[in-house]
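**Q** after the sequence you'll find the predicted model.
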Amino acid sequence: MAEQNPAANPALASLQDIQLPIEIGNWPFAYGYWLVLLIVCIAFTAAVIGFRKRRQRCAAKRAALVELAALDGSDPLYISHVSEILKRAAMSYCDRNSVAGLSGTQWHDWLTAQVDTAPVELCKLLNMAYQPQALTPTQAALLQKSAAQWLKKALPLKGNNSANATAHPMEAKPC
């Protein structure tokens, strides 16, 4: 076919080049994108709030673990200091009246009731508090390890435990 020249064909002279449509922009987003964005923002906010509450709930536990690690095992009152730390940490999560007055067998029973497996070593070493002989370095290290394990397993106290009925139900999650 021969190339046609616009002057030869007046119908072709009035034609213009093809006009492309205007490009579609990114704005405004469709409703579905706004919904997804809203859900992501809500989820992020809920995660941040949950993280802050969990961190606040576990603050007493972390402080007790730091204080326990800072104790001197050769101190003659080492056992008493460990017991004080455990009581202070426990009182942060439940009613003061239910823990502060406990001592001896009652204290050991309360400690045992808070965990799944009985802290036999912890209770045995806490019983040595007012003995004439001091703890050996090995016993002091074992006491520190047992107390740290109890703090990690028991705190924050479970909300469904009858021994600490005043604890908050949100504190049942582990730290």
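**A** Nice, I can see it.
**Q** going by C-alpha atoms from here, please, whenever you check contacts or count neighbours.
**A** OK.
**Q** low-confidence stretches in this structure?
**A** 1-7, 159-175 (pLDDT under 70).
**Q** and stretch 78-93, what's buried?
**A** 78-83, 85-93 (16 or more other CA atoms under 10 Å).
**Q** hmm, who's touching whichever strand or helix holds L122?
**A** Element membership of L122, judged by DSSP states H and E, is helix 120-126. Residues from elsewhere that reach helix 120-126 (CA atoms under 8 Å, 6 or more residues apart in numbering): 79-80, 83, 108, 139, 142-143, 146-147.
**Q** how about the longest helix along the chain: buried residues?
**A** Secondary structure of the chain read by DSSP state H shows that its longest helix is helix 31-57. For helix 31-57, a neighbour-count test (16+ other CA under 10 Å) marks 54, 57 as buried.
**Q** now do it: distance to the chain's middle.
**A** 16 Å (CA atoms, centre = their mean, to the nearest Å).
**Q** what's the following helix or strand after that helix?
**A** As assigned by DSSP H and E, the chain's next helix or strand after helix 31-57 is helix 59-70.
**Q** can you give me the buried ones in that following helix?
**A** Buried residues in helix 59-70 (16+ other CA under 10 Å): 59-62, 64-65, 68.
**Q** what would the residues you listed look like in JSON lines with distance to T117?
**A** Formatted as JSON lines, these follow (distance: CA to CA, whole Å):
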{"residue": "A59", "distance to T117": "24"}
{"residue": "A60", "distance to T117": "22"}
{"residue": "K61", "distance to T117": "19"}
{"residue": "R62", "distance to T117": "21"}
{"residue": "A64", "distance to T117": "21"}
{"residue": "L65", "distance to T117": "20"}
{"residue": "L68", "distance to T117": "21"}
